[in-house]
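Trainee: Fold the stuff below for me.
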Amino acid sequence: MVLNANLLRANPLRTTSKGLLLSIFALGVMVGCDSGGGTPSGEEQSNEEPNVTISAPSQGSEFSKEETIVFAGSAEDPETGQLEGEDLQWSSVSDGRFGSGKSVSTSSLPPNLHTVILAATDSVGETGRDTVSVGVNGPPTASIEAPNDKSALMEGQPETFRGSGTDPVEGEVNQENLKWLSDVDGDLGTGKEVEVSSLSPGPHTILLTATDEDGKTDVDTANVVVEEPGFNVRFRFQSELTESQKRNVEQSAAAWEQAITEDLEPFFLGEELADATGIPEGGIDDLSIGVEVKDIDGPAGTLAQARPVTARTNSSGEYTSASSGFIQIDQADLNNTRLETILRHEIGHVLGIGVLWDQVNGQETVNPFHSGSSTKNAFESLDGSEAYLGEGVPLQRTGGQGTRGSHWAERNFENELMTGNLNSDRVNPISRITLSALEDIGYPVDIGSASRYSLPDVQTTFIPAEADATLSRPAQGTDNFGTPRGGSVDSVLVVGSNNDALWFPQAPEDEVFSGLIRFDLPDNLPAGVQTATLFALQSQEKNTETTGHDIEVYRVEEGWRESFTTADTRPAVGTKIQEFGFNSCDPACGDRYRFGVDVSSVVQNWLQGAANNGLYLRAPDAESNPTFSVGLSNRHVEGNVLRRPFLYLTASSRQTALRPKAGFEENSGLRQKAGSQGGISMENDILDRPVYGKGPSGEIRKKEIK
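Mentor: Numbers count the residues shown, from 1 in each chain. Have a look, this model is predicted:
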């Protein structure tokens, strides 16, 4: 019985119930009878798959990857004859389809040993195939299995480097054609495995070169760091320096290398981080510093500048140690006799002193300080620290970016290396305080390696005003001028009259002003400390028609509140402490006249437990002579915090005789030029650049630190 497919397609089975019997009958006729109506023949007819032949290229042909390969073939269907066009499909087992038809040209097959198939499909879906093996030749593939990329190796410890090379047609590259190389140390050996034990300390790029029989090559690389024991600084000289100058640079790192006790985790810069920072891609162990000579500002100004550029981070994203940094040396100061000390100071900044430390408080006050636990403990362990009456460890309070809050206070530390002034006539040691600050950042340090260092006999503390208010009588007697509210005395503490209606145009000239001020002092005075105190205010405006007037300072006997006290509710005042003539300033003082008053006795009483209600300022003859007034900067004034009122305290725990100062010089001992008696200024020596790190998932992070 023969199933005629053509008849089946012409008379499909119907599925409606009404025609079911007729369909079955028709099927029975088709199955049981031949086309002539005779009996079944007993032979089964079937469709055969097409016969396929690839005629080109020949089996085992080889081509270069640049060549265009022409594939040709044909296919014949036993039932319908020749097949063409989309019925013929060309494909590679490894790379998929690449054309159709009897002939196809391609240059897209990658280097490999390809099995190419020509598949021909007839009208009923039967497919025939033929195959041909062709080689597309290209360079081999080199592959390093060990060491892993971005791994650390220990100096002197044997390591087995393993790798292979595979030719796309011939298979494995011969061992003698596998060459190992270090970009630092050169040739390392030949073969699938080489044992290496003498790599130089520091970063390396390991290269494995595979060469095939045609001389084609491929290179695989792995970045590694060979770690020396302990902490090491390596310099990248980006400018021409003499050998002597290079020695100065390298010797400046020795003390830091001794103080930091452990080898730090290698740091690897990928392409993205290298592009962002300008630091070469690869590994770092432990700290890499670029050194450049640049024309900054001529002799004796800014001698050098520095900053960390990349840093390691912990799981919380906090910086724990610098991995790379940058130092610029002023061309005009390159031959400075203190160059090694200057660079030692700058390396401190690269490590993070003044930059990566996070425990800085009071930046907007007259008394910024470092509050890190290790740093604070180290400071308090030194003799004489009890004479410092402020909180934490005192930081530089003046200067611009890269100075204020970024160095130890010169007045409190003098010759310590990381103050803003290098003393030209003294050694500048790295103290246990500086090493403890590194410990607070995250470095493992040996505090015992710190140089011998003692605090100066006299310690200085700046105490900011915590409250002040201008009082006015008679017209403004019920008003309070303690809190800014958009008025004419928002940033001033007025003493005297309303001369020329300077302060209140709507009030008469004989309006009389006085002031209250209170300071936030420590609760008590450490035993054995002698103090001398300077009360300082800075003039914003001075208006005088006559001379010979005084300002008096009194002790306040009762408590008061800045936002509520008025002339009518002024607290009681006690005895007069001192008076001074506010016309005594030389005309050159201009509108920056600073009033200094010795109030040592009252401040000592406060520190020893007496009630601290502050001070009262008045001009005794203002009521009878309205021809003068002065506006002193109050605690709300914007800008330089040293324009705000403060107490300037000096103290000693060594029974040193102290003499109260009659004046205060804001910048004394800070901006000393090279060769001056005071020393070498290191102000503004921190470069304004971001610091880059990596997040928990390896993402690049950038932090602006000023």
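Trainee: Which positions in stretch 441-453 come out as buried?
Mentor: Within stretch 441-453, the residues scored as buried using 16 or more other Cβ atoms under 10 Å are 441-443, 445, 447, 450-451, 453. Placement of C-beta: from N, CA and C, glycine included.
Trainee: Sort out for me which of the residues you listed are in helices.
Mentor: Those of these mapping onto helices are Ile441, per DSSP state H.
Trainee: Can you show me the helices along the stretch 351-500 of the chain?
Mentor: Using DSSP state H, counting those that start in this stretch, the helices found in the stretch 351-500 of the chain span residues 373-380, 410-413, 432-441.
Trainee: Quick one: mean pLDDT over the shortest one.
Mentor: If you average the pLDDT over helix 410-413, you get 92.
Trainee: Repeat that for stretch 324-334.
Mentor: Throughout stretch 324-334, pLDDT has a mean value of 93.
Trainee: Now find how far off-centre it is within its chain.
Mentor: Computed by Cα atoms, centre = their mean, to the nearest Å, the chain-centroid distance of stretch 324-334 equals 20 Å.
Trainee: residues of that stretch that come out buried?
Mentor: Quick answer for stretch 324-334 (16+ other Cβ under 10 Å): 324-330, 332-334.
Trainee: sorry, back to before: please identify which of the buried residues of stretch 441-453 is nearest to Ser123.
Mentor: Using Cβ to Cβ, Gly442 is the member of those that lies nearest Ser123, at 76.2 Å.
Trainee: Do I have it right that that closest one meets Asn314?
Mentor: Yes: using Cβ atoms under 8 Å, Gly442 is in contact with Asn314, at 7.2 Å.
Trainee: Mind listing the shared neighbours of the two?
Mentor: Residues touching both Gly442 and Asn314 by Cβ atoms under 8 Å, 6 or more residues apart in numbering: Thr320.
Trainee: hang on, the earlier thing: looking at the buried residues of stretch 441-453, point me to the pair that's furthest apart.
Mentor: The most widely separated members of these, counting by Cβ to Cβ, are Gly442 and Tyr453 (23.0 Å).
Trainee: what sits against the nearest residue to Asp468 once chain neighbours are set aside?
Mentor: Nearest residue to Asp468, sequence neighbours excluded (Cβ to Cβ, 6 or more residues apart in numbering): Ile517, at 4.3 Å. Each residue near Ile517 by Cβ under 8 Å, 6+ apart is listed here: 465, 467-468, 493, 614-615, 617, 645.
Trainee: For Ile517, name its beta-bridge partners.
Mentor: Asp468, Leu615 (DSSP bridges).
Trainee: And the contacts of Ile517, which two are furthest apart?
Mentor: Pairwise distances across the contacts of Ile517 peak at 13.6 Å for Ala467 and Leu617 (criterion: Cβ to Cβ).
Trainee: so what sits against both of the two?
Mentor: Going by Cβ under 8 Å, 6+ apart, residues that sit against Ala467 and also against Leu617 are 516-517.
Trainee: Which one's more surrounded, these two?
Mentor: Leu617 (27 against 19; other Cβ atoms under 10 Å).
Trainee: just checking, that one touches Val494?
Mentor: No: counting by Cβ under 8 Å, Leu617 stays clear of Val494, with 9.5 Å between them.
Trainee: Where does pLDDT dip in the stretch 401-550 of the chain?
Mentor: For the stretch 401-550 of the chain, applying pLDDT under 70 flags the ranges 401, 425, 476, 523-532, 534.
Trainee: could you pull out the strands for it?
Mentor: 421-422, 458-473, 492-497, 512-519, 530-544, 550-556 (DSSP state E, counting those that start in this stretch).
Trainee: I'd like the ones you listed laid out as JSON lines, including distance to Ser381.
Mentor: Formatted as JSON lines, the strands of the stretch 401-550 of the chain follow (distance: least, Cβ to Cβ, whole Å):
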{"stretch": "strand 421-422", "distance to Ser381": "24"}
{"stretch": "strand 458-473", "distance to Ser381": "15"}
{"stretch": "strand 492-497", "distance to Ser381": "40"}
{"stretch": "strand 512-519", "distance to Ser381": "28"}
{"stretch": "strand 530-544", "distance to Ser381": "22"}
{"stretch": "strand 550-556", "distance to Ser381": "36"}
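Trainee: tell me the most buried of those?
Mentor: Highest mean neighbour count of the strands of the stretch 401-550 of the chain: strand 492-497, a mean of 27 (counted as mean count of other Cβ atoms under 10 Å).
Trainee: low-scoring stretches of the chain, by residue?
Mentor: Scanning the chain with the threshold set as pLDDT under 70 gives 1-45, 400-401, 425, 476, 523-532, 534, 582-595, 654-678, 705-706.
Trainee: which ones are touching the spatially most central residue of it?
Mentor: With distances taken as Cα atoms, centre = their mean, the chain has Val691 as the residue nearest its mean C-alpha position (2.2 Å). Val691 makes contacts with 307-311, 319, 322, 355-356, 702-703, 705, as judged by Cβ under 8 Å, 6+ apart.
Trainee: quick one on the thing from earlier: as JSON lines, the helices of the stretch 351-500 of the chain with distance to Arg162 would be great.
Mentor: JSON lines is the format used below for the helices of the stretch 351-500 of the chain (distance: least, Cβ to Cβ, whole Å):
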{"stretch": "helix 373-380", "distance to Arg162": "45"}
{"stretch": "helix 410-413", "distance to Arg162": "55"}
{"stretch": "helix 432-441", "distance to Arg162": "39"}
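Trainee: Among these, which comes closest to Leu178?
Mentor: Of the helices of the stretch 351-500 of the chain, nearest to Leu178 by Cβ to Cβ is helix 432-441, at 44.9 Å.
Trainee: how far does the closest one sit from the chain's center?
Mentor: Centroid displacement of helix 432-441 relative to its chain, using Cα atoms, centre = their mean, is 19 Å.
Trainee: One more: stretch 623-643?
Mentor: 42 Å.
Trainee: And that stretch, what's buried?
Mentor: Going by 16+ other Cβ under 10 Å, stretch 623-643 has these buried residues: 625-637, 641-643.
Trainee: List just the nearest of those residues to Leu208.
Mentor: Using Cβ to Cβ, Val641 comes nearest to Leu208 of the buried residues of stretch 623-643, at 60.7 Å.
Trainee: how near is the closest one to Asp468?
Mentor: For Val641, the distance to Asp468 (Cβ to Cβ, to the nearest Å) stands at 14 Å.
Trainee: hang on, the earlier thing: could you measure the residue nearest to the centre of the chain against Gln82, distance?
Mentor: For Val691, the distance to Gln82 (Cβ to Cβ) stands at 73 Å.
Trainee: How about Ile347?
Mentor: For Ile347, the distance to Gln82 - Cβ to Cβ - is 83 Å.
Trainee: nearest to Ser46, of the helices of the stretch 351-500 of the chain?
Mentor: Of all the helices of the stretch 351-500 of the chain, helix 432-441 comes closest under Cβ to Cβ, at 84.2 Å.
Trainee: That closest one - contacts with which helices or strands?
Mentor: Using 3 or more Cβ pairs under 8 Å, 6 or more residues apart in numbering; DSSP states H and E, the elements in contact with helix 432-441 are strand 319-330, helix 339-351, helix 373-380.
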